[in-house]
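1. predicted model, plus sequence, below.
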Amino acid sequence: MFLGAGFLVSVPVFIEAPLVRFYPEISLLMTLGWIWLAQWLMKREKTHVWGDLLLGFSWSWLAGSLYWGWLRWEPLIHLPLESIGVPVAIWGLWRGWGKIGHFFYLGSLLGTAVTDGYFYLTGLIPHWRQLMQVDPILATPIFQAALAQVQTPWGISWAIVLVNILLGISLWAMQKPQQHWWAFAGAVLSTILVDSLFWVAATLA
């Protein structure tokens, strides 16, 4: 469950990101496919937990399609849009339904919130806006300016603090035997992996 949650956070990012940039309508319609597959898996006892996990993932995919497809130029609405599934998750947890998927979604959302918080704390929001408006082949100077800001004592200090917060939350959740907590931990911890890969990509650029 931990590895499955980590896979759904990290790997699809590199599939959805280019897809939603050029074909946002297809990415958005794929949400229906994820929901259908999740429902199909949940009807079978052997695959119920994976369908549950996939249903939570579909909320993250939906939010990603909407934001990165049409609204990526404005970072201020990123987190509110990523929270689109929160009312359903709260309702499901209150009813005791879909715990694995909902905990996965909330863990992924927590990781997103921490990442966005880092952008605000280190003043990277202007670079975010610039990157969304220029052609990718012209993005190198913006990446370099952003990296210079990240590599300051302030940027490094906040990175250490926030990474340790995510690690602490993940390790705390992994102490619990229930599968939904492991899905939560996998989603939170994988945020560090995804952010690290993007940092490496920016450095290489």
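-> All right, it came through fine.
2. make sure residue 195 is actually in contact with residue 116.
-> No. With contact defined as C-beta atoms under 8 Å, residue 195 does not count as touching residue 116 (11.0 Å). Yep, even glycine has a C-beta here, placed from its N, CA and C like the rest.
3. any low-confidence regions in this protein?
-> Applying pLDDT under 70 to the chain flags residues 201-202, 205.
4. kindly list the longest helix within it.
-> helix 179-204 (DSSP state H).
5. got the buried residues for that one?
-> Using 16 or more other C-beta atoms under 10 Å as the test for burial, helix 179-204 gives 179-192, 194-195, 202.
6. ranges for the helices of this protein?
-> Per DSSP H, the chain carries helices over the ranges 2-10, 13-22, 24-42, 48-66, 78-82, 86-95, 99-121, 125-133, 140-150, 153-174, 179-204.
7. give the other helices and strands that the longest one contacts.
-> It stands for helix 179-204. helix 2-10, helix 48-66, helix 99-121, helix 140-150, helix 153-174 (3 or more C-beta pairs under 8 Å, 6 or more residues apart in numbering; DSSP states H and E).
8. what's the spacing between residue 71 and residue 158?
-> 26 Å (C-beta to C-beta, to the nearest Å).
9. please apply the same query to residue 125.
-> Distance, residue 125 to residue 158, using C-beta to C-beta: 14 Å.
10. can you report how many residues lie near the residue nearest to residue 52 when sequence neighbours are not counted?
-> Excluding its sequence neighbours, the residue lying closest to residue 52 (C-beta to C-beta, 6 or more residues apart in numbering) is residue 100, at 4.1 Å. Number of residues near residue 100 (other C-beta atoms under 10 Å) recorded here: 26.
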